[in-house]
Each structure stands twice: as C-alpha cells, then as structure tokens.
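J.: Quick one, what's the 3D model for this:
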Amino acid sequence: MDDIHVCPFHHRWVLTVAGRKLLNNPTRILRPLLQPGMTVLDVGCGVGYFTIPMAHLVGDAGRVIAVDVQPEMLAVMAANATKADCGNITAQQCDTSTLGVGEWAGALDFAMLFYMLHEAGDPAALIAEVFHALKPGGKLLFAEPIMHVDGPGFARSADLFTQAGFTRIGTPRIPISRAAIFQK
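T.: Reported below is the predicted structural model:
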C-alpha cells in the first residue's frame, strides 16, 4: 500500500453531495448485509458517508471500525458520528503500508471496500489484511465507480480477492458502480 492516490480532504464534499443518496443510498445498500450486533469494518471511511448508517444498522450491541489514512477525514467522521449519536464507532488512522486491524484478527463479521481499492498502492496486501480480520464466513462488499475502474480493471481486482481466499457469492446492482460480494 505504498503508492496511494486518495481523494484529497479538500474534495470531501464530493463524498456527501446530496444527490449521491439517490444513487448510493448507504442504508439500502447495506441493510441486506448487516444485522444488529455485528462487528464491521469500513475501509477508507472518509467523512463517514457509509460509517454512520453502518453504526445504526449494527445497533448499540454492534461496532464499526472506521479506518482512513487521512486524519482530517477521520476528524470530520468523528464529529458527524457525535452529531448522529453513534457511540459504537472506533476511528482508526491507518498508514500507507497497513490498515492496522490486526487486533481484530478473525473477529469481524463484515468489511466494506467502497470506491477505494483503486486508490491503494498495494491492493493485494490490503485485501489479505481484511481477509485475516474477518471471521470464517465473514462477508465483504467490494465496489468501484464505473468512471474510475473499467470492466477489465474490476475483474483484475476481483481476482485478487479470490487469490486471497475469498469466494465470490454475489453481484449486487449498485448504480454507477461495479460491485461484488465475497465471503471468507
């Protein structure tokens, strides 16, 4: 994960533009995948666009680990979580070489990599780290924007999940996205 090209903090408004909920409604996308009490991971959480709905869906008995490389994004996400009364979110800054989720090895029920893998310097290492953090049977939602990742590029990324040990179990329809669901 050495060479990253992340969405700059000063472009954070793009992550929460009002019309996005019409296309990428977090609750609609995540409701079939999450249940109360789950421990879940939001990789590249940004300002919390998916993190906060995840926290509501897993409820007070659940937990969301929100990871991002940019401390400014995590600070905005934490402020948004406080406003939304979400006390079940753990914000964690990662670096370009590791997500730093080793303490959750084998403990996560679900992970999400939404519109971020194309920004990772070493996608295979990132995927392996998420695989290690998931419980056996844990699920992962992977999605990339069609404007940044073409069909062959998405297929190459999906192959990395399979090489890491994941099994593809679904292909959700998410507007303006290419997406897959994997299971450990």
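J.: Return the set of buried residues in stretch 155-162.
T.: Within stretch 155-162, the residues that count as buried by 16 or more other CB atoms under 10 Å are Ser157, Ala158, Leu160, Phe161. The C-beta positions use only the backbone N, C-alpha and C, and glycine is treated the same way.
J.: what do you get for stretch 136-155?
T.: Of all the residues in stretch 136-155, those buried under the rule 16+ other CB under 10 Å are Gly138, Lys139, Leu140, Leu141, Phe142, Ala143, Glu144, Val149, Phe154.
J.: Then stretch 35-49?
T.: Of the residues in stretch 35-49, those with enough neighbours to count as buried (16+ other CB under 10 Å) are Met38, Thr39, Val40, Leu41, Asp42, Val43, Gly44, Cys45, Gly46, Val47, Gly48, Tyr49.
J.: Only alpha carbons, please: show it as PDB.
T.: What follows is stretch 35-49, C-alpha atoms only, in PDB (Å, rounded to 0.1, in the frame of the first residue of the first chain):
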ATOM      1  CA  GLN A  35     -27.500  -7.200  11.400                       C
ATOM      2  CA  PRO A  36     -27.700  -5.800  14.900                       C
ATOM      3  CA  GLY A  37     -24.700  -6.900  17.000                       C
ATOM      4  CA  MET A  38     -22.200  -7.300  14.100                       C
ATOM      5  CA  THR A  39     -18.600  -6.000  14.200                       C
ATOM      6  CA  VAL A  40     -17.900  -4.400  10.900                       C
ATOM      7  CA  LEU A  41     -15.100  -2.600   9.100                       C
ATOM      8  CA  ASP A  42     -15.300   0.400   6.800                       C
ATOM      9  CA  VAL A  43     -12.000   0.700   4.900                       C
ATOM     10  CA  GLY A  44     -11.400   4.200   3.600                       C
ATOM     11  CA  CYS A  45     -14.300   5.600   5.600                       C
ATOM     12  CA  GLY A  46     -13.700   9.200   4.600                       C
ATOM     13  CA  VAL A  47     -16.200  11.500   6.400                       C
ATOM     14  CA  GLY A  48     -18.500   8.700   7.400                       C
ATOM     15  CA  TYR A  49     -20.900   8.500   4.500                       C
END
